[in-house]
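Trainee: structure of the sequence below:
(chains A and B)
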There are 2 protein chains.
Amino acid sequence: MNQVQIIGVKDLPIIQKGDNLAKLICTAAKNQGTPIEDEDIIVATHVIISRAEGNVVNLDGVVPSKFAKTLAQELEKEPALVETVLRESKSIVRMGDKHLICETRHGFVCANAGVDKSNVPGERNVALLPRDPDRSARVIRRKIRELTGKDVAVIISDTHGRPLREGEINIGIGIAGINGIRPRVGETDLFGYVLKVKRTAIADELASAAELVIGQTDEGIPVAIIRGYPYLKSDEAKATELIRKREKDLFI
Amino acid sequence: MNQVQIIGVKDLPIIQKGDNLAKLICTAAKNQGTPIEDEDIIVATHVIISRAEGNVVNLDGVVPSKFAKTLAQELEKEPALVETVLRESKSIVRMGDKHLICETRHGFVCANAGVDKSNVPGERNVALLPRDPDRSARVIRRKIRELTGKDVAVIISDTHGRPLREGEINIGIGIAGINGIRPRVGETDLFGYVLKVKRTAIADELASAAELVIGQTDEGIPVAIIRGYPYLKSDEAKATELIRKREKDLFI
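Mentor: Predicted coordinates:
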């Protein structure tokens, strides 16, 4: 067939702390006539994971440090937000032009250490990144298997800006059941030329593909099913493998 | 429906200089039972564009400069290849660890200025990037409309490594008929929060999504049809709008 389907999972309820996401996803997928199948790839935005895991902070309860206040003034941001960002950060990678680009405790380099206002209920609430997105992905994968008997891959996505290019793309910050990198070295091309360096960041490409149905904020679709892509299975994969080490990065 | 299909276009012939790509794509799509429809997004890898446009260089005919020879020695690359890369470059952005990251004459920052050995017939041949990928995309779009009466978008893709993240992803280097950036500022989220900064690099996400069917080198699928994504139409869009200006880039 050589066709891949990207299916938005509609009519999920507003996700609350303690919700069984796997069950809600399976039910919603079934209700819309596209029940989960073996080898589906389930992509979920990190915000619903954080909401289900209760990883949400009310800024009114955050007391900013002196350093956070200084940064906040310089960046024209709210001190409690900057304090929250700093608490989520291992280091500040770049600062300027009102942007605060941090290395999160997981090692992701992104604006505001992934602290996110959008799609979080409550005016003063922000979502943090999941504590351990790979673990969150593994839990959803395991529960889907328990509920349906189906073996799926799970990717937790986040929206990241990036150097060199305008606009944001979705990338994978947590994965389960799928190799995040698809090594191509040694594969031959159309003319028998052996590829020397290509390694496809497939977890990121799948997260970006899912955005084609997820990216409709007003419709409230936080989950996509990608069906028909023959991915490389792995029980040990980690999204942190997609983080380029500083010593191997010509730009950091 | 909220479903997006990604359809690989199979059984295209080996693309030669002078080939009418639009016609070949329409015929192949029709032959496999998925004829082009209105509002399809056609994604084609840059190498077949360059081959059709004759933008291929035989390294045996390239005389390297002294500078190219010096670089080649340092980077352990072939002097004629380095010379070809330099001719395609406006500047060298980073060098080291056997990598030569250049700004192409179009303004793209990528390894070897996009000079590519894979999927090019002839052992000593390399493909350059298309001279004007937006123009190449426009030509294909126009010809598809002439042949079929269908209004489509066209994206020419390339595989790029990037700072911060391991592995390569596909991005859009030439576009026609579609806005490369989907502005989200002003849209509201699920809870009525107005998005302040989000601008989705949709041309890159679509190029990455296409890789899910294109990325099978051995099957020789250089073109994908993305169907069902409601894109923002534009007759003036340019892929160069996705290039972040240096003065706005915290990493350059």
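Trainee: quick check: the closest residue to A:Pro163 other than its chain neighbours vs B:Leu164, distance?
Mentor: Computed as Cβ to Cβ, 6 or more residues apart in numbering or on different chains, the closest residue to A:Pro163 that is not its neighbour in sequence is B:Phe251, at 3.5 Å. Heads up, the C-betas are built off the backbone N, CA and C, glycines and all. Going from B:Phe251 to B:Leu164 by Cβ to Cβ, to the nearest Å gives 8 Å.
Trainee: pull out the buried residues from the lengthiest helix in chain A.
Mentor: Once chain A is assigned using DSSP state H, the helix that runs over the most residues is helix A:133-148. Residues of helix A:133-148 classed as buried: A:Pro133, A:Asp134, A:Ser136, A:Ala137, A:Arg138, A:Val139, A:Ile140, A:Arg141, A:Lys143, A:Ile144, A:Arg145, A:Thr148 (neighbour count, 16 or more other Cβ atoms under 10 Å in any protein chain shown).
Trainee: A:Glu241: what secondary structure?
Mentor: Counting by DSSP: H, G, I helix; E, B strand; the rest coil, the backbone at A:Glu241 sits in helix.
Trainee: surely it and B:Glu166 touch.
Mentor: Yes - under the contact definition of Cβ atoms under 8 Å, A:Glu241 touches B:Glu166, with a separation of 6.7 Å.
Trainee: which pLDDT value goes with the residue nearest to A:Pro163?
Mentor: pLDDT for B:Phe251: 84.
Trainee: you'd agree it is in a helix?
Mentor: No - remark: B:Phe251 does not belong to a helix; assigned using three-state DSSP, it is coil.
Trainee: tell me which two in the buried residues of helix A:133-148 are the farthest apart.
Mentor: Of all pairs drawn from the buried residues of helix A:133-148, the one with the longest distance (Cβ to Cβ) is A:Pro133 and A:Thr148, at 22.2 Å.
Trainee: returning to what we had before: looking at B:Phe251 and B:Leu164, which is more packed in?
Mentor: Remark: of B:Phe251 and B:Leu164, B:Leu164 carries more neighbours, 22 against 17, as counted by other Cβ atoms under 10 Å in any protein chain shown.
Trainee: what's the separation between the nearest residue to the more buried one once chain neighbours are set aside and A:Leu164?
Mentor: Spatial nearest neighbour of B:Leu164, excluding adjacent residues (Cβ to Cβ, 6+ apart): A:Val109 at 5.0 Å. Counting by Cβ to Cβ, the gap between A:Val109 and A:Leu164 amounts to 13 Å.
Trainee: ok, now A:Ser234?
Mentor: According to Cβ to Cβ, A:Ser234 stands 29 Å off from A:Leu164.
Trainee: try A:Val47
Mentor: Relative to A:Leu164, A:Val47 is positioned 26 Å away (Cβ to Cβ).
Trainee: please apply the same query to A:Asn170.
Mentor: 17 Å.
Trainee: likewise A:Arg131?
Mentor: On the measure of Cβ to Cβ, A:Arg131 and A:Leu164 end up 30 Å apart.
Trainee: spell out which residues of the stretch 1-150 of chain A are next to chain B.
Mentor: Contacts of the stretch 1-150 of chain A with chain B, taken as Cβ under 8 Å from any Cβ of the partner chain, map to A:2-8, A:10, A:14, A:94-97, A:99, A:101, A:109, A:117-121.
Trainee: spatially nearest residue to the residue sitting nearest the centre point of chain A (excluding sequence neighbours)?
Mentor: Taking Cα atoms, centre = their mean, the centroid of chain A lies closest to A:Ser157, which sits 2.0 Å from it. Nearest residue to A:Ser157, sequence neighbours excluded (Cβ to Cβ, 6+ apart): A:Ala207, at 3.9 Å.
Trainee: what's the burial count for that neighbour?
Mentor: A:Ala207 has 33 neighbours, counted by other Cβ under 10 Å.
Trainee: in what helix or strand does it lie?
Mentor: Using DSSP states H and E, A:Ala207 maps to helix A:202-214.
Trainee: can you show me the CA trace of that helix as PDB?
Mentor: What follows is helix A:202-214, C-alpha atoms only, in PDB (Å, rounded to 0.1, in the frame of the first residue of the first chain):
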ATOM      1  CA  ILE A 202      12.100   9.500  13.100                       C
ATOM      2  CA  ALA A 203      10.600  10.300  16.500                       C
ATOM      3  CA  ASP A 204      10.700  14.000  15.600                       C
ATOM      4  CA  GLU A 205       9.400  13.400  12.100                       C
ATOM      5  CA  LEU A 206       6.500  11.400  13.500                       C
ATOM      6  CA  ALA A 207       5.800  14.100  16.100                       C
ATOM      7  CA  SER A 208       5.800  16.600  13.300                       C
ATOM      8  CA  ALA A 209       3.500  14.400  11.100                       C
ATOM      9  CA  ALA A 210       1.000  14.100  14.000                       C
ATOM     10  CA  GLU A 211       0.900  17.900  14.200                       C
ATOM     11  CA  LEU A 212      -1.000  17.800  10.900                       C
ATOM     12  CA  VAL A 213      -4.100  16.700  12.900                       C
ATOM     13  CA  ILE A 214      -3.100  17.800  16.400                       C
END
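Trainee: tell me what it is packed against?
Mentor: strand A:3-8, strand A:41-45, strand A:153-160, strand A:169-178, strand A:223-227, strand B:3-8, strand B:169-178, helix B:202-214 (3 or more Cβ pairs under 8 Å, 6 or more residues apart in numbering or on different chains; DSSP states H and E).
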